[in-house]
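Peer 1: can't give you the sequence, but here's the structure:
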């Protein structure tokens, strides 16, 4: 119960676990220290991750994409991002529409009501921000201020607005995080809501840079409502619960512990007792920031597009794309990770090498890569995951 938590309790995760690398897009030369696992990636058919043995893709040769350095980092309007082949401009427009609808639902009192939230929900963003600056506990506000300076450096450079100063973006990000903390404050004390946790800063920053428009005033407000949609209707407020700490995250990580051995039996055999350690480390690194800073740009946008659409559609388990992408990603990288740990000396720890290898290999997947949801038998339906 919340009353059992120490007054100074602040849920968090180890910084090294949550923070994405500041330079996530590794080159082939940077992999030499890891036994060149990228060679193993190129030897796979990574156009799509499938679970029936087929690795064909209609998007061209993934081997040629890796050889040419095409890791999906471009943001041109013609880039094919989502599962439906939508361009970046179309995806961005759709996210803006989702934020506008969320704002209107809040104004109309249709936002998902939770104990202690209804009176705050009906207020404008400006009013919520004003109250947040005055009411958010100083220790929480201080933690937000500590995390903000290291946030935007972890995002792909292509995301950052060219006409915006870093101080201006950091100020807006602080406003968004403070307001989200205030809006969910009563819910946290009622044991059903979220409180600020390291990793949320990357989610809010992602919402902000995708909706940033220098010539308009409302990008801050729209970024807040998109973040609110992600936090409440996609992840669920218990994902970052104050008490029990991070209940939703731990539930998802526990689910992956039971599913990953089915997706990667060879890797489980190669790592032995350390396999669960690898799954735990990757769950923390990938799930908390929803892969921000850890995938090539096109893949990250495609995943987030699925998450936002699932939240708007009120699916039974809207964070299912996180589970599916995690399983498909690890399945795709399994041979390369196994090859990297195979060269270790007997008795040398395998999980750290496997962890770093997975991060590096995932950061250079080609833009055409997608989980194969059709016939994806190892990712249970949303209703089953919800149970």
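Peer 2: Sure thing, it's come through. Here the structure is a predicted model, which means the values were calculated and not measured.

Peer 1: helix/strand/coil for residue 380?
Peer 2: Counting by DSSP: H, G, I helix; E, B strand; the rest coil, the backbone at residue 380 sits in coil.

Peer 1: first-to-last residue distance for stretch 234-251?
Peer 2: Start and end residues of stretch 234-251 are separated by 15 Å (C-alpha to C-alpha, to the nearest Å).

Peer 1: so for it, what's the average pLDDT?
Peer 2: Mean pLDDT, stretch 234-251: 90.

Peer 1: just stretch 138-151 next, same as before
Peer 2: Here the average pLDDT along stretch 138-151 is 95.

Peer 1: buried stuff in that stretch?
Peer 2: For stretch 138-151, a neighbour-count test (16 or more other C-beta atoms under 10 Å) marks 140-141, 143-144, 147-148, 151 as buried. Quick note: C-beta positions are derived from backbone N, CA and C, even for glycine.

Peer 1: against residue 366, how distant is residue 183?
Peer 2: Distance, residue 183 to residue 366, by C-beta to C-beta, to the nearest Å: 39 Å.

Peer 1: residue 253 is in contact with residue 280, correct?
Peer 2: Yes. Assessed by C-beta atoms under 8 Å, residue 280 is found in contact with residue 253 at 6.7 Å.

Peer 1: which residues in the stretch 151-300 of the chain form strands?
Peer 2: Counting by DSSP state E, counting those that start in this stretch, the stretch 151-300 of the chain forms no strands at all.

Peer 1: low-confidence ranges in it?
Peer 2: Within the stretch 151-300 of the chain, the ranges that satisfy pLDDT under 70 run 185-193, 214-215.

Peer 1: quick one: residue 353 from residue 360, how far?
Peer 2: According to C-beta to C-beta, residue 353 stands 11 Å off from residue 360.

Peer 1: run a quick neighbour tally on residue 343.
Peer 2: Other residues lying near residue 343 total 10 when counted by other C-beta atoms under 10 Å.

Peer 1: what does residue 241 give?
Peer 2: Residue 241 has 25 nearby residues by other C-beta under 10 Å.

Peer 1: any idea how far it is from residue 169?
Peer 2: 28 Å.

Peer 1: same deal with residue 267?
Peer 2: Distance from residue 267 to residue 169, counting by C-beta to C-beta: 39 Å.

Peer 1: between the two, which one's more packed in?
Peer 2: More crowded of residue 267 and residue 169, by other C-beta under 10 Å: residue 267, with 24 against 19.

Peer 1: the more buried one touches residue 336, doesn't it?
Peer 2: No. Using C-beta under 8 Å as the test, residue 267 is too far from residue 336 to be in contact (9.9 Å).

Peer 1: what comes up buried for stretch 127-138?
Peer 2: For stretch 127-138, by 16+ other C-beta under 10 Å, it's 128-129, 131-132, 136.

Peer 1: which member of those is positioned nearest residue 285?
Peer 2: Distance to residue 285, by C-beta to C-beta, is smallest for residue 136 among the buried residues of stretch 127-138, at 27.6 Å.

Peer 1: do I have it right that the closest one meets residue 181?
Peer 2: Yes. Using C-beta under 8 Å, residue 136 is in contact with residue 181, at 5.2 Å.

Peer 1: how close does the closest residue to residue 253 other than its chain neighbours get to residue 355?
Peer 2: With sequence-adjacent residues excluded and distances taken as C-beta to C-beta, 6 or more residues apart in numbering, residue 253 is closest to residue 283, at 4.0 Å. Counting by C-beta to C-beta, the separation of residue 283 from residue 355 is 11 Å.

Peer 1: same check, this time on residue 284
Peer 2: 10 Å.

Peer 1: same question, residue 331
Peer 2: 16 Å.

Peer 1: now the stretch 1-150 of the chain, which segments are flagged as low pLDDT?
Peer 2: Segments of the stretch 1-150 of the chain classed as low confidence (criterion: pLDDT under 70) are 1-86, 111-122.
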